[in-house]
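Q: Provide a 3D model corresponding to the input given below.
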Amino acid sequence: MQFIEKFFKLKESGSNFKTEFLAGLTTFMTMAYIIVVNPSILSATGMDKGAVMTATIIVSIIGTLVMAIFAKLPIALAPGMGLNAFFAYTICGIMGYSWQFALTVVFFEGVAFIILTYFNIREAFLKALPDNIKKAIPVGVGLFITLIGLFNSGIIIKGEGTPLRLGNVFTISAPFLSLVGVVLIGALLYFKVRGALLIGIFAVMIIGIPLGLTVLPNDFRLISLPSSLAPTFLKFDFSWVYSVKGIVDFLFILFTLLLINIFDTLGILIGVVKKTNLFDKQGNIPNIKQAFLADAFGTTFSGLLGSSVVTAYLESAAGVSVGGKTGLTSLTVAFLFFIALFLSPIFLMVPVFAVAPVLIVVGLFMMSSAKEIDFEDYEEAIPAFFTMIMMPFAYSIAEGIIFGILFFIMIKLVIGKYKKVPLITYIVGIFFILRFLMHI
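A: Sure thing, here's the model as predicted:
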């Protein structure tokens, strides 16, 4: 225990073993849905669902372990939502390539991540982000994670004739229980009850049992051995090298995934780390190079084992909100993912509507950064505003940052302050414009 305390500098961080474990458990419970969701999405390409589930858990363990041991940050990693949809519905769907081709791109993206990280090129992207966008990112992430909670619970649903509408919240239903969960968590937070978010998850789950909303499995088994990786392991496709179109598509997809993942990870790192007060005196994220390596290695193994791109998870904010400050939080998450390999029926019993209240409340926690933005300085406020609103409305952290950067560049150009825009920001902006023109 003393070794763990010294290794993660718990006392120096103002934390302790119990708090870190509770934070890790909370983070895991809010992101465990990926164990089921990722195989469901990727299986649409013809991939074996069981193999994808095993790969999903293993790459989550690898990425999160690297984050825990080397970066020592309370951030968990797993195959990213949105990036898995890009894998399944754009690369394999719209573009018509095989899932083996997509895995090949994922593998080379991971290798490219490692190279970019080694030469500190990824850190340059962070330094190129304007301060107003850095301040806006946590707010946008909070709005995005709240929207996920509202949708997952059914509180907000797709409308008929309107983009969105209120779900069935006026009867005893899953959306209603999610709202009950928000009230319960709010009360626990008011009374400063430790582990309020985790208590809220289990309370809502238990309430749902007699109501028939929490479904208990009929053939419950305590131990479930993981499925074989054989159907997806090392299944690469290099047929694209024999055509110019194949090479161009491969490179463009690779570069697109690189930039999307870079800004997804940057957004989450900034948003989550800001809540821990771990920024150094220069306002930089500690051990950011090691943090970048975590998703780089996770992504590389995804290509090898059979999953989609790994990224830092914004649900890590849930663990940070209950006190997680060190790598011990992410080490706990990795340990729980390992258990999930063999005890997945237990963890998968938690319904989505029981997790949704935590996501909604965590969104509230991340609103405070808005106070630091000068909304009367329009050359700064407009890019920050688009950064915040495009994350939930475009359903993508990366898109929010992209719009923020593009508006930052355009406004500076129009008002004659083009010299204040870093060269790398111009380069990234040009690529984003090309990306929009190519509809990718």
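Q: helices of the stretch 301-440 of the chain, residue ranges please.
A: 316-321, 327-347, 352-365, 378-393, 397-414, 423-437 (DSSP state H, counting those that start in this stretch).
Q: just name the most buried of those.
A: With neighbours defined as mean count of other CB atoms under 10 Å, these peak in mean count at helix 316-321, which reaches a mean of 29. Backbone N, C-alpha and C define where each C-beta goes, glycine included.
Q: who are the packing partners of that one?
A: Packed against helix 316-321 by the contact rule (3 or more CB pairs under 8 Å, 6 or more residues apart in numbering; DSSP states H and E) you find helix 17-31, helix 131-153, helix 244-274, helix 327-347, helix 352-365.
Q: between the last one and helix 131-153, how big is the angle?
A: So that's helix 352-365. Relative orientation of helix 352-365 versus helix 131-153 (axes from the mean of the first three to the mean of the last three CA atoms, to 10 degrees): 160 degrees.
Q: and the helices and strands packed on helix 316-321, which one's lowest on average pLDDT?
A: When those are compared by mean pLDDT, helix 244-274 comes last with a mean of 77.
Q: what stretches of the chain score poorly on pLDDT?
A: Along the chain, the model assigns pLDDT under 70 to residues 1, 82, 122-128, 219-220, 222, 275-284, 344, 347-348, 435, 438-440.
Q: quick check, central residue of it?
A: Tyr313 (2.8 Å; CA atoms, centre = their mean).
Q: wait, that one sits on Leu77?
A: Yes - Tyr313 lies in contact with Leu77 (CB atoms under 8 Å); the separation is 6.2 Å.
Q: re earlier: I'd like the helices and strands packed on helix 316-321 written out as a markdown table, with distance to Pro210 added.
A: Shown next, in a markdown table, are the helices and strands packed on helix 316-321 (distance: least, CB to CB, whole Å):
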| stretch | distance to Pro210 |
| --- | --- |
| helix 17-31 | 21 |
| helix 131-153 | 19 |
| helix 244-274 | 36 |
| helix 327-347 | 20 |
| helix 352-365 | 14 |
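Q: and those: which comes nearest Thr104?
A: Between Thr104 and the helices and strands packed on helix 316-321, the shortest separation by CB to CB is 7.8 Å, and it involves helix 244-274.
Q: coming back round to it: out of the helices of the stretch 301-440 of the chain, which gets nearest to Gly50?
A: Of all the helices of the stretch 301-440 of the chain, helix 327-347 comes closest under CB to CB, at 11.0 Å.
Q: so the closest one versus helix 17-31, what angle?
A: Relative orientation of helix 327-347 versus helix 17-31 (the same axes, to 10 degrees): 50 degrees.
Q: for stretch 154-170, buried residues please.
A: Of all the residues in stretch 154-170, those buried under the rule 16 or more other CB atoms under 10 Å are 154-156, 167, 169.
Q: nope, stretch 131-146 is what I meant
A: Judged by neighbour count (16+ other CB under 10 Å), stretch 131-146 contains these buried residues: 132-146.
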